[in-house]
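>>> this one's structure only:
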């Protein structure tokens, strides 16, 4: 370990303060130089890095201006700048002393630690705001950096603003200029608190260390930089679980690494602040900044490593940040019958119109009076034909999009409230049912199978028929029986064309709707489970034998990771999240027929402590038998990984019962809607499902990211590649039985996060081609595909082309035949004429 020694970190001897007035007196400059000489003589043979003064801005401004630092004086503005003037001259004198008398044989380097905030303009394109930010930086960092690292004088901004600013002579400028062997920089809470003492100039404070390093590079000719002080703080009651400090450290060091890697900034070292908890000046013992916890009330004052110390140790060992992916990228393929799909939300049948041209027997004249309207011709009736699927205008658009996607499967949802507007079988909207049947049958002509979702509720649209909503919706068990009737109708009307059914999409997310109390949430979930199980049983007993389909429900299944891996309480919280989020519905179906024991026990524990009055409903023995095994595969929607901390909460709400809180890792690549891109999370959740529920078939029924770009959605390409790569690892290495992957989603809606491969006006994005390549390669093959289609399949693709282009081919044949006939007649007449002439 190399010692890096600071000569003065605000510990001025009291005698110098009382006798000379401290740094207000120029006499202290020579005294400081004498002290430095003694240190060089005593320790210089072992010290290669010297710091003269730590953060002179704080010494001058808060020591002799605001009085919140030692010596606690509240002086005039002129006094503050006089102190700063003396500190700069003291530093320069010591640097020249070392350079002349000690550096030739001790071979050390010397600098001064300069601290600063960072500030960003309110409006990045506003020249006035940018100018104000520059002024703010010059008044804090430039005050000391410009004389030492620049031209030897104060910034023009300061000289123009303050007439009382001390002046350097030309000799002093040349003497001070360049008196640092590297740029030592401090960036932490001391430079931001209290904020009202900073010259913010009406702009925004920021913790972006990368940006301020870039500013230093541009202002001072790309110097070598040492981060001499960096870190954050926790409140005094926090002991060793300083999770916030971990993520602040991760963010800061990550920004330094980005500055080195992408901006070519010459940062050669990083120093975390600080080793131990201690007395923090005006904050006294109310905050803690150490990597090691100290109990100040203890006699022994034990030093106990915090989680930030363990994390910093890991960063040092790895010399940065290693990707979490446990194995390198695979070159392999999925099984040849793997389902490559695209997911869409509810298809709104009422928003599509069928063309009346073949079913209306009337004849119309258009625009005869210049009004742009159709006028019926009385007394004229035309021949009509039966309605056809091609009459639906929107289906052609759907087919065009699916053809471009080149998928094998298409997942979409029916609208329960449209099919059964009364909530029961008294009124069945046959037109809507015919529309959905047409979608499925026309999609099949593209060799695309449909995965149909019966019920797809959202936060904004619960999707229940009106009469059921009026009867409290899913709080009323009669809704479960109504759903069973609805499901049976769909199986009967559409089941001959559908092999994969989803009963309910993300029932574990309806807690956001039924959130009046936890008991409402649990009651609604209870009825949703029973509804699904009855629908599955209906299909199993009445339709499976001849329709040969499979039925499940789709669960939102994000992975949970302990925010602080060094604390067992965070690991338990992550597991608790999985039980409350996934096990809540998956355990009854795939495991025991009942809710997870972990969930019941935790709620009971909170009840005994008086922290919650929640109560999970109980299943009867008949209901357990009904629910257990009521799924033919596991369907999951996965989008991100959540970082979870244990946070005790009081109250009878589903969210409070879990005692967890989510932490946003700001260093993690995220989407505009703040979804963290954590590819390895999908592999973790797939392995967890296999471990928890056995070797069952799994379909990933929705996976995607929002990307703001309309013409270059690079984030979506990156997301698809990395997530599907992790899915492939789970399939190939972990032997998880993954049967299909469905990207989310086909089209996006206006004014919502942009998840779609197509815009709301059906314009395609570049990620379509990327997904096409993944599908055609069936993964990430090495040199050749084991699933290349045989000749028969290639012929079938030609047959498919013929079937799709029948009208065009028929027209072409007619045209060709007419042309041949026309040529024949011409030739015949020419010959006849020639004979007549002879």
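Happy to help now that I have it. The structure presented is a predicted model; accordingly, all values stated were derived computationally and were not measured.
>>> ok, then the element right after the worst-scoring helix or strand of the chain on mean pLDDT?
When the helices and strands of the chain are scored by mean pLDDT, DSSP states H and E, helix 791-804 comes last with a mean of 54. Next helix or strand after helix 791-804 toward the C-terminus (DSSP states H and E): helix 806-837.
>>> how distant is that following helix from the center of its chain?
66 Å (CA atoms, centre = their mean, to the nearest Å).
>>> ditto for stretch 566-585
20 Å.
>>> List the buried residues in it.
For stretch 566-585, the neighbour count (16 or more other CB atoms under 10 Å) marks 566-567, 570-585 as buried. For every residue, glycine as well, the C-beta is placed using N, CA and C.
>>> wait, what's in contact with residue 764?
404, 757, 758 (CB atoms under 8 Å, 6 or more residues apart in numbering).
>>> which of those residues are buried?
Buried members of the contacts of residue 764, scored by 16+ other CB under 10 Å, are 757, 758.
>>> if you look at the contacts of residue 764, which of them are in helices?
residue 404 (DSSP state H).
>>> before we move on, back to that, I'd like to know which of the buried residues of stretch 566-585 are part of strands.
In strands, judged by DSSP state E, none of the buried residues of stretch 566-585 are found.
>>> Show me these that map onto helices.
Those of the buried residues of stretch 566-585 lying in helices (DSSP H): 570, 571, 572, 573, 574, 575, 576, 577, 578, 584, 585.
>>> Closest one of these to residue 484?
residue 585 (17.7 Å; CB to CB).
>>> For the closest residue to that closest one other than its chain neighbours, grab the count of nearby residues.
Spatial nearest neighbour of residue 585, excluding adjacent residues (CB to CB, 6 or more residues apart in numbering): residue 508 at 5.2 Å. Residue 508: 21 surrounding residues under other CB atoms under 10 Å.
>>> Secondary structure class of residue 508, three-state.
Classification of residue 508 using DSSP: H, G, I helix; E, B strand; the rest coil returns helix.
>>> Hmm, it is touching residue 584, no?
Yes: between residue 508 and residue 584 there is a contact at 5.8 Å, judged by CB atoms under 8 Å.
>>> Which stretches in the stretch 651-800 of the chain count as helices?
Applying DSSP state H, counting those that start in this stretch to the stretch 651-800 of the chain gives helices spanning 654-657, 680-693, 714-732, 767-777, 791-804.
>>> I'd like to know how far the closest residue to residue 495 other than its chain neighbours sits from residue 453.
Of all residues not flanking residue 495 in the chain, residue 547 sits nearest, at 4.4 Å (CB to CB, 6+ apart). Distance, residue 547 to residue 453, by CB to CB, to the nearest Å: 17 Å.
>>> same thing with residue 610?
42 Å.
>>> And residue 279, by the same measure?
Residue 279 is 62 Å from residue 453, by CB to CB.
>>> Those two - which one has more neighbours?
residue 453 (26 against 8).
>>> For that one, give the beta-bridge partners.
residue 413, residue 502 (DSSP bridges).
>>> quick one: contacts for it?
Per CB under 8 Å, 6+ apart, neighbours of residue 453: 411, 412, 413, 414, 501, 502, 503, 504, 505, 554.
>>> Ok, residue 432 next?
Counting by CB under 8 Å, 6+ apart, residue 432 has contacts 349, 350, 415, 418, 419.
>>> Just flag the most distant two among those residues.
350 and 419 (10.8 Å).
>>> quick one, which of the two is more surrounded?
residue 419 (23 against 12).
>>> separation between that one and residue 191?
Distance, residue 419 to residue 191, using CB to CB: 63 Å.
>>> repeat for residue 159
23 Å.
>>> Looking at those two, which one has more neighbours?
With neighbours defined as other CB under 10 Å, residue 159 and residue 191 compare such that residue 191 has more, 21 against 12.
>>> got the contact list for the more buried one?
55, 57, 58, 115, 116, 117, 140.
>>> got those residues as CSV, with secondary structure, neighbour count and distance to residue 463 columns?
CSV is the format used below for the contacts of residue 191 (DSSP: H, G, I helix; E, B strand; the rest coil; neighbours: other CB atoms under 10 Å; distance: CB to CB, whole Å):
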residue, secondary structure, neighbour count, distance to residue 463
55, coil, 26, 60
57, helix, 23, 60
58, helix, 18, 60
115, strand, 22, 57
116, coil, 24, 54
117, coil, 23, 50
140, helix, 20, 56
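>>> before we move on, the earlier item: nearest to residue 475, of the helices of the stretch 651-800 of the chain?
Here helix 654-657 is closest among these (CB to CB), at 14.1 Å.
>>> That closest one - contacts with which helices or strands?
Using 3 or more CB pairs under 8 Å, 6 or more residues apart in numbering; DSSP states H and E, the elements in contact with helix 654-657 are helix 518-542, helix 597-608.
>>> Secondary structure class of the closest residue to residue 526 other than its chain neighbours, three-state.
Nearest residue to residue 526, sequence neighbours excluded (CB to CB, 6+ apart): residue 617, at 4.4 Å. Under three-state DSSP, residue 617 falls in the coil class.
>>> what domains does the record give for this structure?
Following the TED database, the chain resolves into domains at 4-230, 339-353+388-779, 355-387.
>>> what mean pLDDT does the first one have?
Translated: domain 4-230. For domain 4-230, mean pLDDT is 96.
>>> Quick one: end-to-end length of it, please.
Using CA to CA, to the nearest Å, one end of domain 4-230 lies 15 Å from the other.
>>> and what of stretch 100-110?
12 Å.
>>> from the chain's centre, how far out does it sit?
Using CA atoms, centre = their mean, the offset of stretch 100-110 from its chain centre is 50 Å.
>>> can you list the residues that contact that stretch?
Residues outside stretch 100-110 that contact it (CB under 8 Å, 6+ apart) are 37, 40-41, 44-45, 47-52, 94-95, 98-99, 180-182.
>>> Let me see the confidence value for residue 283.
Predicted confidence (pLDDT) for residue 283: 89.
>>> Tell me how far it lies from residue 236.
9 Å.
>>> and if you look at residue 102?
Distance from residue 102 to residue 236, by CB to CB: 42 Å.
>>> neighbour count winner among these two?
residue 102 (21 against 15).
>>> distance of the more buried one from residue 36?
Going from residue 102 to residue 36 by CB to CB gives 10 Å.
>>> now residue 587
70 Å.
>>> Equivalent analysis for residue 708, please.
Using CB to CB, one obtains 55 Å as the distance from residue 708 to residue 36.
>>> of the two, who's got more company?
The neighbour count for residue 708 versus residue 36, taken as other CB under 10 Å, is higher for residue 36 (23 against 11).
>>> what about the more buried one, is that helix, strand or coil?
Per three-state DSSP, residue 36 ends up helix.
>>> List the contacts of it.
Taking CB under 8 Å, 6+ apart, we find residue 36 in contact with 7, 52, 94, 97, 98.
>>> Among those residues, which one sits closest to residue 380?
residue 52 (102.4 Å).
>>> how deep is the closest one tucked in, by neighbour count?
Around residue 52 there are 26 residues (other CB under 10 Å).
>>> what's the answer for residue 361, then?
Neighbourhood size, residue 361 [other CB under 10 Å]: 10.
>>> Ok, residue 76 next?
Neighbours of residue 76 using other CB under 10 Å come to 11.
>>> Could you measure from it over to residue 150?
Taken as CB to CB, the span from residue 76 to residue 150 is 27 Å.
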